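In: any chance you can model this:
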Amino acid sequence: MFYKYFSTRTFVKIKNMTKRKSVKKKYLTLWARCDNVSRVMEMEQIGRRAFLYDFYGELLTEHQKEVYEDVVQNDMSLGEIAEEFGISRQGVHDLIRRCDRILDGYEQKLHLVERFRKTKEDVRRIRKLSFGENGGERNADEMKTDMEKIREISERILEEL
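Out: Numbers count the residues shown, from 1 in each chain. Sure thing, here's the model as predicted:
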């Protein structure tokens, strides 16, 4: 069996490649799932780029900032940016990749985004503990254990700062 991929996201099942007599369309839902996964991954990459730019964007050159801002914050295509700055699409692509590497390098060395996310999660846990795990009435023992957990989390946050 041979499956041929067409741009309409359909696969055509071809039994005999030489004669191509019997062609039967078959829609595979697996590709729809893969497409959704790739969209989620793309959204995660956009979010990661936005965080990295927020934390380390000022360390880029003015030209790099302008181009990267157009990609991350203004959601412009490579062609639009290339036309705006008078450079090729390949040049824009290379510049974005270079900026990604630079910002990733800063994150690997400084870990500011990672620390921010951990601290944010710790604050969420403190907030949840302050209102109670189940949101209902608590006795004195439960309140005491929650306060101990809050102290532990807050001490860890202060040590990391």
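In: neighbouring contacts of the host helix or strand of Gln108?
Out: Following DSSP states H and E, one finds Gln108 within helix 89-110. Applying C-beta atoms under 8 Å, 6 or more residues apart in numbering, the set of residues contacting helix 89-110 from outside is 49, 52-53, 55-57, 59-60, 63-64, 67-68, 71, 78-79, 81-82, 85, 113-114. Where C-beta positions appear, they are placed from N, C-alpha and C, glycine not excepted.
In: of those residues, buried ones?
Out: 49, 52-53, 55-57, 60, 64, 67-68, 71, 78, 81-82, 113 (16 or more other C-beta atoms under 10 Å).
In: what's the distance between the residue nearest the centre of the chain and Asn36?
Out: In the chain, the C-alpha nearest the mean C-alpha coordinate belongs to Glu44, at 1.7 Å (C-alpha atoms, centre = their mean). Distance of Glu44 to Asn36, given as C-beta to C-beta, to the nearest Å: 13 Å.
In: cool, and Gly79?
Out: For Gly79, the distance to Asn36 equals 26 Å [C-beta to C-beta].
In: which stretches in the protein count as strands?
Out: For the chain, applying DSSP state E gives strands covering 2-5, 11-14, 23-26.
In: and the helices in the protein?
Out: Using DSSP state H, the helices of the chain run over 29-56, 62-72, 78-85, 89-110, 112-131, 140-160.
In: what's the domain layout of the chain?
Out: When the chain is parsed with automatic domain parsing, its domains come out as 32-110, 113-160.
In: for this structure, give me the ranges with low pLDDT.
Out: Across the chain, residues meeting the criterion (pLDDT under 70) sit at 1-35, 37, 133-136.
In: report the contact partners of Ser154.
Out: Counting by C-beta under 8 Å, 6+ apart, Ser154 touches 122, 126.
In: fine by me, we can end here.
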